[in-house]
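>>> Next comes the sequence, and after it the predicted model I'd like to discuss.
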Amino acid sequence: MQKQYCIISMLSLLISYTATPIFSDKLIPADSPQINYYGRFDFSTPSVAKFNWSGSLIEATFSGSLIGISLIDGLNDYDIIIDSKPYGVLRTDSGTSKYIISDNLSSASHTIRISQRNESHWDVASFKGFYLSDNGRLLSTPKKPKRKIEFIGDSWTVGYGNESPGRDCDIPALRSFTNTNRSFPRLITDAFKAQSIILGFSGRGVVRNYAFPSKKSPDPYPVYYNKTLGAIDGIWDFSKWIPDIVVICLGINDFSTDPHPDDTMYYNGYHTFIDTVRSHYKDTPIICVSA
């Protein structure tokens, strides 16, 4: 487990709310071609988009005064952006599958983005689609940015506790205080007007995880890199999305506690992982960074 320090955030503009159930039955299913997805999503059940990597993002443009979603979760919070402005934070509940986002919008067209804030690698969220008002409909999908960046890393990539009001917080509080959408990968993505896949896993190292009692862990970060759903089974098809650049920010957890891995062990592990990334993206530049 990564050290439970939470760094003070200088910007926390969104207001949390718990969305209430809605009763409209006009559901546009998740496999609609008018919905954009950014991240690793599993469509093995065609009308359901399953996901759990933090920073996973769902986007659509719609008409009508009402927008809601069908989402089975309970462990994650989501930033809601409507028409490029922060609209709130959706806190899911395990007993709720229908959420109203807004029921008082204008009749003009609107674009909504729903992005997972926190980590939940051992559980899966299931998005089943958008609820619209009787006269509402999904419009043409927003044009995706041309640039593509893949981010690989640990808690620094996730934004672990980055919106905490203090230095310390417990595990339950991390759900509210972790916001991948304010981490450096998302800020870089937005600055370069790009799209990205953010693959952060707190506490994981190249060869040794945080506080592991030996020099080498059986399940460091590379074990999960090819997973569609974090720590859940399911192999990602790398041909679906080829980035223009890959950014790796790993190694902090290998050396943040004793015992440290031997230099050769670490170097070999890092080079092997780079070779793995290279095997999927033959011509993509790879940048290795350190916090």
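Good, I have the coordinates. Numbering: from 1, shown residues only.
>>> Quick check: phi and psi on residue 185?
Main-chain dihedrals, residue 185, degrees, to the nearest 10: phi -60, psi -40.
>>> Hmm, residue 53 and it touching each other?
No - in this structure, residue 185 is not within contact of residue 53 by CB atoms under 8 Å, at 11.4 Å. All C-beta atoms are positioned from the backbone trio N, CA, C, and that covers glycine.
>>> joint contacts of these two?
Common contacts of residue 185 and residue 53, defined by CB atoms under 8 Å, 6 or more residues apart in numbering, comprise 198, 200.
>>> do you know how far residue 131 is from residue 64?
Applying CB to CB, to the nearest Å, the value for residue 131 to residue 64 is 10 Å.
>>> With residue 290 instead?
For residue 290, the distance to residue 64 (CB to CB) stands at 48 Å.
>>> which one of those two has more residues nearby?
Just comparing residue 290 and residue 64: by other CB atoms under 10 Å the higher neighbour count belongs to residue 64, 20 against 9.
>>> Identify the residues contacting that one.
By CB under 8 Å, 6+ apart, the contact list for residue 64 reads 105, 107, 132, 133, 135, 136, 137.
>>> The fourth one touches residue 100, doesn't it?
In other words, residue 133. No - between residue 133 and residue 100 there is no contact under CB under 8 Å: 10.9 Å.
>>> Report the set of residues contacting both of the two.
Counting by CB under 8 Å, 6+ apart, the residues touching both residue 133 and residue 100 are residue 66.
>>> And the strands in the stretch 151-291 of the chain?
195-200, 227-229, 232-235, 245-249, 286-288 (DSSP state E, counting those that start in this stretch).
>>> can the ones you listed go into CSV with extra columns for distance to residue 118, mean neighbour count and mean pLDDT?
CSV is the format used below for the strands of the stretch 151-291 of the chain (distance: least, CB to CB, whole Å; neighbours: other CB atoms under 10 Å; pLDDT from 0 to 100):
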stretch, distance to residue 118, mean neighbour count, mean pLDDT
strand 195-200, 11, 24, 98
strand 227-229, 15, 21, 97
strand 232-235, 17, 11, 92
strand 245-249, 18, 20, 98
strand 286-288, 26, 13, 98
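>>> that older thread, of the contacts of residue 64, select the buried ones using a ChimeraX command.
Per 16 or more other CB atoms under 10 Å, the buried members of the contacts of residue 64 correspond to this ChimeraX selection:
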select :105,132,133,136
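>>> any idea which of the contacts of residue 64 is closest to residue 197?
Nearest to residue 197, judged by CB to CB, of these is residue 132 at 28.0 Å.
>>> what is residue 232 paired to in the beta sheet?
Following DSSP bridges, residue 232 is listed with bridge partners residue 229.
>>> Could you check how far it is from residue 51?
Residue 232 sits 10 Å away from residue 51, going by CB to CB.
>>> Identify the contacts common to the two.
Taking CB under 8 Å, 6+ apart as the contact rule, residue 232 and residue 51 both touch residue 124.
>>> which sections of the stretch 51-200 of the chain are below the confidence cut-off?
By pLDDT under 70, the stretch 51-200 of the chain has no low-scoring segment.
>>> gap between the lengthiest helix in the chain and the chain center?
Longest helix in the chain by number of residues (criterion: DSSP state H): helix 263-280. Its chain's C-alpha centre and that of helix 263-280 lie 24 Å apart, by CA atoms, centre = their mean, to the nearest Å.
>>> I'd like to know how many residues surround the closest residue to residue 67 other than its chain neighbours.
Nearest residue to residue 67 in three dimensions, chain neighbours excluded: residue 101, at 4.8 Å (CB to CB, 6 or more residues apart in numbering). By other CB under 10 Å, 22 other residues sit near residue 101.
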